[in-house]
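Undergrad: got a predicted structure here, sequence first:
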Amino acid sequence: MVSPTSLLYLFGEIGDIIANINVEKGTSSSVNGIFNTSASVIIKKGLENSITQNLTIDENVKAPISEGQKLGYATYTLNDQILATVDIVAQNEVKKASLFSMTTTLYSDWFNMIRNNP
């Protein structure tokens, strides 16, 4: 039970989008990073604005990526004390781009660049 001087602080719920993560050599150039679990903590009222969030995302995320694959984590701290750590996972699958799809994307980007910059 939460006391009158405390509150339940919700960091996020399962499935909440926390970051858009760049993907190299994939059929998509990015994937949404979502919480794989819900996270909350009971804290003293008035301290909620002192909580800090630190995102750690894997460097050089490359396709293929499977749905639910861990891509990083979020850490929540208060006065240098870790309150919670939540894994960030891929919301959906990103397949590795084939040579054909990479060539098509390259030509499409090139054409759009020429068309938009007369």
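TA: Yes, it's here.

Undergrad: residue contacts, Leu83?
TA: Leu83 is in contact with 11, 41, 43, 51, 76-77, counting by Cβ atoms under 8 Å, 6 or more residues apart in numbering. Just so you know, the C-beta spots here come from the backbone N, C-alpha and C atoms, and that holds for glycine as well.

Undergrad: which SS class is Thr103?
TA: Of the three states, Thr103 takes helix according to DSSP: H, G, I helix; E, B strand; the rest coil.

Undergrad: equivalent analysis for the one 5 residues further on, please.
TA: Three states are possible here, and by three-state DSSP the one that applies to Ser108 is helix.

Undergrad: next one: it from Ser101, what distance?
TA: 10 Å (Cβ to Cβ, to the nearest Å).

Undergrad: follow-up on the earlier one: between the contacts of Leu83, which is closest to Asn116?
TA: Distances from Asn116 to the contacts of Leu83, taken as Cβ to Cβ, are shortest for Phe11 (40.3 Å).

Undergrad: so how far is stretch 103-116 from its chain's centroid?
TA: Centroid separation for stretch 103-116 versus its chain: 28 Å, with Cα atoms, centre = their mean, to the nearest Å.

Undergrad: list the buried residues of it.
TA: By 16 or more other Cβ atoms under 10 Å, stretch 103-116 has no buried positions at all.

Undergrad: contacts for that stretch next, please.
TA: For stretch 103-116, using Cβ under 8 Å, 6+ apart, the contacting residues are Ala97.

Undergrad: pLDDT averaged over that stretch - what is it?
TA: The average pLDDT for stretch 103-116 rounds to 77.

Undergrad: i'd like the first residue to be 34 from this point on
TA: Sure, I'll start numbering at 34, so the last one becomes stretch 136-149.

Undergrad: taking the contacts of Leu116 one by one, which sit in strands?
TA: 44, 74, 76, 109-110 (DSSP state E).

Undergrad: which of those sits closest to Val127?
TA: Of all the ones in strands among the contacts of Leu116, Val127 sits closest to Phe44, with 25.7 Å by Cβ to Cβ.

Undergrad: burial check on that closest one, number of neighbours?
TA: 20 (other Cβ atoms under 10 Å).
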